[in-house]
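J.: Got a predicted model here, sequence first, then my questions.
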Amino acid sequence: MNFRGSTILGAALATTGILGATMAAAQTEVRWLHIEQNPAYLSVWEEIAESFNAQNPDVNVTMQFLENEAFKARLPTLLQSNSAPHMFYSWGGGVLRAQAENGVLMNLNEAMAEERDGQPWGESFNAAAVDGLTFDDNLWAVPFRMGTVSFFYNRELFDQAGVNADDLTDWDALLDAVETLKEAGITPIAVGGGERWPVHFYWSYLAMRIGGQEVVDNAKVGEGEGFGHEAFIRAGEELTRLGELDPFQPGYLGATWPQTLGLFGDGGAAMILSFENTVGTQRNNAADGVGLDPDNIGRFPFPMVEGGDSQITDTLGGLNGWAVSVNAPPETLDFLAYFTNLENQQKMAAAEMLIPVTTGAEEAVVGEHLRGAADQLAASTWHQNYFDQDFGPALGRVINDISVELVTGNMSPGEAVSMLQNEFALQ
């Protein structure tokens, strides 16, 4: 394989391409900016990109990497520069909408109407995935994957402490399990507080479980009581309750997400609230590169909260796509069509990378936990995109910040709601 690896964007933007013996000067470069760190997943992407380049000698797809937080911080500047990526990872939601409104994205309606493989390109995707990346009847990203956040647990540590995962269907039972695990000398939960967004999963799910869809949807548009609804106050109270139990690993406020996955994979914590591909990511971040045996990992949905207006089948998770910058060459769309075709989505599903969005590719999903996530999404009664993405970049940062402040006890639930209301008023 001639691929020389994804580059890291440091002080200056650098690229490493998938090159043959010589790169012709006439080649069109397609700059692909991603945040993926898993070597196994990158290997699949590299194979796909190399295959496309071989079939299209006048095109050279180059992969560029930025760590998650650096990506969020630097992308707005990059999109205004002469070295803007042609395609880049998107979580959808308010961040994608803001980028579209700023005029830095290509409207994909016309591209989706073009026939590829015997049908309009847009019809090859799960309709819900297309709808989730569409604003005001315009599509702004090519669908790529769907996912859901749930609890993963170490079966051996649960057995050691005498905790039964089947009992953790309500919030109070989960808090009881935290205390039981601590009494057994086991760290209950691993969390990446240094990146802040992993903590927002807790506040978001609590707000969903307590308030339900109508309350959350109203907050997005400032209708009803907005963030002043009692559900958001109570979500803060319950997150504070969790924090008072000291449930996380020592030093969690400085922990990155890869470190957190590694801790879980090393058996250093009993639970992690994480993505659908956790079995693979914990393995690759574990100290020995092996991690927990998949048979030793269990999975359960975020529990219900007594008195809440929600269902256990309501899910929080991602709808991810690849946004295309406004001045990207047309070859970018050719590569994206190839990247998301049935064969390649099946290849990624079989590698346990994702829950695919290309119709028919879901049949290739393997692994108990990834299949469980796929089934959970299929039965979802309400799928909510990540709050820090769906509510837009500015409000999303506040949501991440107040989540950490609540769990550490440095902010009251009332103060958190006031911050959210004030930020919303500025939009």
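T.: Structure's in. What do you need?
J.: Which elements pack onto the one helix or strand Gly298 maps to?
T.: If you go by DSSP states H and E, Gly298 is part of strand 297-300. Secondary structure elements in contact with strand 297-300, counted by 3 or more C-beta pairs under 8 Å, 6 or more residues apart in numbering; DSSP states H and E, are strand 150-154, helix 155-161, helix 278-285, helix 368-378. Quick note: C-beta positions are derived from backbone N, CA and C, even for glycine.
J.: what does the model give Glu363 for pLDDT?
T.: At Glu363, the model reports a pLDDT of 86.
J.: Test my guess that it contacts Ala350.
T.: No: Glu363 is beyond contact range of Ala350, at 9.9 Å (criterion: C-beta atoms under 8 Å).
J.: Please identify which of the two sits among more neighbours.
T.: Set Glu363 next to Ala350 and count neighbours by other C-beta atoms under 10 Å: Ala350 wins out with 16 against 10.
J.: Not counting sequence-adjacent ones, nearest residue to the more buried one?
T.: The spatial neighbour of Ala350 that comes closest, neighbours along the chain excluded (C-beta to C-beta, 6 or more residues apart in numbering), is Ala364 at 4.7 Å.
J.: Check the burial of the one you found by counting its neighbours.
T.: Residue neighbour count, defined by other C-beta under 10 Å, stands at 16 for Ala364.
J.: what residues are up against it?
T.: For Ala364, the contact set (C-beta atoms under 8 Å, 6 or more residues apart in numbering) comprises Gln345, Gln346, Lys347, Ala349, Ala350, Pro356.
J.: Work out for me the element the first one sits within.
T.: Gln345 belongs to helix 342-350 when assigned by DSSP H and E.
J.: thought Pro198 was touching Trp257?
T.: Yes: Pro198 is within contact range of Trp257, at 6.2 Å (criterion: C-beta under 8 Å).
J.: Spit out the residues that contact these two alike.
T.: Gly192.
J.: now the residue sitting nearest the centre point of the chain: how far from Gly392?
T.: The centroid of the chain falls nearest to Gly318 when counting by C-alpha atoms, centre = their mean (4.9 Å). Using C-beta to C-beta, to the nearest Å, one gets 16 Å for the distance from Gly318 to Gly392.
J.: Show the subsequent helix or strand relative to the worst-scoring helix or strand of the chain on mean pLDDT.
T.: Lowest on mean pLDDT, DSSP states H and E among the helices and strands of the chain sits strand 16-17, with a mean of 44. Later in the chain than strand 16-17, the nearest helix or strand by DSSP H and E is strand 28-34.
J.: Could you give me the buried positions within the lengthiest helix in the chain?
T.: Counting residues, the longest helix found in the chain (DSSP state H) is helix 197-221. Neighbour-count burial for helix 197-221 flags 197-213, 215-216, 218-220 (criterion: 16 or more other C-beta atoms under 10 Å).
J.: and that helix with strand 150-154, angle?
T.: Orientation check (axes from the mean of the first three to the mean of the last three C-alpha atoms, to 10 degrees): helix 197-221 against strand 150-154 gives 160 degrees.
J.: So for helix 197-221, mean pLDDT?
T.: 96.
J.: helices or strands up against that helix?
T.: Judged by 3+ C-beta pairs under 8 Å, 6+ apart, helix 197-221 is in contact with helix 230-244, strand 271-274, strand 314-317, strand 382-385, helix 387-390, helix 393-407.
J.: what helices or strands is the fourth one leaning on?
T.: Looking back up the chat, that one is strand 382-385. For strand 382-385, the packing partners by 3+ C-beta pairs under 8 Å, 6+ apart come out as helix 197-221, strand 314-317.
J.: same deal with the second one?
T.: Packed against strand 271-274, as judged by 3+ C-beta pairs under 8 Å, 6+ apart, are the following elements: strand 150-154, strand 189-190, helix 197-221, helix 257-265, helix 278-285.
J.: And the third one, by the same measure?
T.: The elements that strand 314-317 packs onto, with contact taken as 3+ C-beta pairs under 8 Å, 6+ apart, are helix 197-221, helix 368-378, strand 382-385.
J.: mind checking how far that strand is from the chain centre?
T.: 12 Å (C-alpha atoms, centre = their mean, to the nearest Å).
J.: who does it pair up with?
T.: Note on strand 314-317: by DSSP bridges, its sheet partners are strand 382-385 (parallel).
J.: Rounded mean pLDDT for the partner strand, please.
T.: Per-region confidence: strand 382-385 scores 89 on mean pLDDT.
J.: Work out the gap between it and the centre of the chain.
T.: 12 Å.
J.: Stretch 273-288 too?
T.: Distance of stretch 273-288 from its chain centroid, counting by C-alpha atoms, centre = their mean, is 14 Å.
J.: Span of that stretch from start to end?
T.: End-to-end span of stretch 273-288 (C-alpha to C-alpha, to the nearest Å): 22 Å.
J.: quick revisit: figure out which of the helices and strands packed on strand 297-300 is closest to Val130.
T.: Val130 sits nearest to helix 368-378 of all the helices and strands packed on strand 297-300, at 15.4 Å, using C-beta to C-beta.
J.: There's contact between Gly280 and Met353 in this structure, I believe.
T.: Yes: the pair formed by Gly280 and Met353 meets the contact definition of C-beta under 8 Å, at 7.4 Å.
J.: Residues that sit against both of these two, list them.
T.: Tyr41.
J.: which residue packs closest to Arg116, ignoring adjacent ones?
T.: Spatially, and ignoring its direct neighbours in sequence, Arg116 is nearest to Ala337 (5.1 Å; C-beta to C-beta, 6+ apart).
J.: Helix, strand or coil: sort out that neighbour for me.
T.: Classification of Ala337 using DSSP: H, G, I helix; E, B strand; the rest coil returns helix.
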